[in-house]
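Engineer: no FASTA, just this:
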């Protein structure tokens, strides 16, 4: 049985990247990821399992909006939101204003999806 936390060779991370992003055309991306996540340095200190888990988390589960904007500033746009309390800041709460064109449309979406209590944006729209 292979112990993932203690690899037998130092290029475990390189092998992971080769599987995760295969092909010669992605060499540059693999090199950039390896530079961003130096598995032999802090905070990973040789814990390849932690290093790989962090890459998977950041690539698949973390909102990378800021990274996308930084990479492509001339062809992307951002919206900034503020919430009065943390409890009102819910995942994907930006979708209503992002995909609605008018106040009345946003209000209708919120009213339709209001399940017995006011959601974050509905506090202002529906009162």
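Structural biologist: Yep, it's here. What you are looking at is a predicted structure, and each value in this text was computed from that prediction instead of being measured.
Engineer: CA only for contacts and neighbour counts going forward, please
Structural biologist: Fine.
Engineer: quick one: low-confidence ranges for the chain?
Structural biologist: Scanning the chain for pLDDT under 70 picks out the ranges 1-11, 81-94, 110, 113-127.
Engineer: and the next element down the chain from the longest helix seen in it?
Structural biologist: Taking DSSP state H as the assignment, the helix of the chain that covers the most residues is helix 48-60. Using DSSP states H and E, the next helix or strand after helix 48-60 towards the C-terminus is helix 65-71.
Engineer: buried ones in that following helix?
Structural biologist: The neighbour-count check on helix 65-71 (16 or more other Cα atoms under 10 Å) flags nothing as buried.
Engineer: for it, packing partners?
Structural biologist: Using 3 or more Cα pairs under 8 Å, 6 or more residues apart in numbering; DSSP states H and E as the contact test, no helix or strand touches helix 65-71.
Engineer: name the surrounding residues that touch it.
Structural biologist: With Cα atoms under 8 Å, 6 or more residues apart in numbering as the test, helix 65-71 has contacts from 76-78.
Engineer: beyond that helix, next helix or strand please.
Structural biologist: helix 95-99.
Engineer: tell me the first helix or strand C-terminal of that next one.
Structural biologist: Next element after helix 95-99 (DSSP H and E): helix 103-113.
Engineer: quick one: buried residues of that following helix?
Structural biologist: Result for helix 103-113 [16+ other Cα under 10 Å]: buried residues 106-108, 110-111.
Engineer: and the contacts of helix 65-71 as JSON lines, adding neighbour count and distance to residue 35?
Structural biologist: Converted to JSON lines, these look like this (neighbours: other Cα atoms under 10 Å; distance: Cα to Cα, whole Å):
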{"residue": "76", "neighbour count": "11", "distance to residue 35": "25"}
{"residue": "77", "neighbour count": "10", "distance to residue 35": "27"}
{"residue": "78", "neighbour count": "10", "distance to residue 35": "27"}
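Engineer: going by distance to residue 64, which of those residues wins?
Structural biologist: The shortest gap between residue 64 and any of the contacts of helix 65-71 belongs to residue 78, at 11.9 Å (Cα to Cα).
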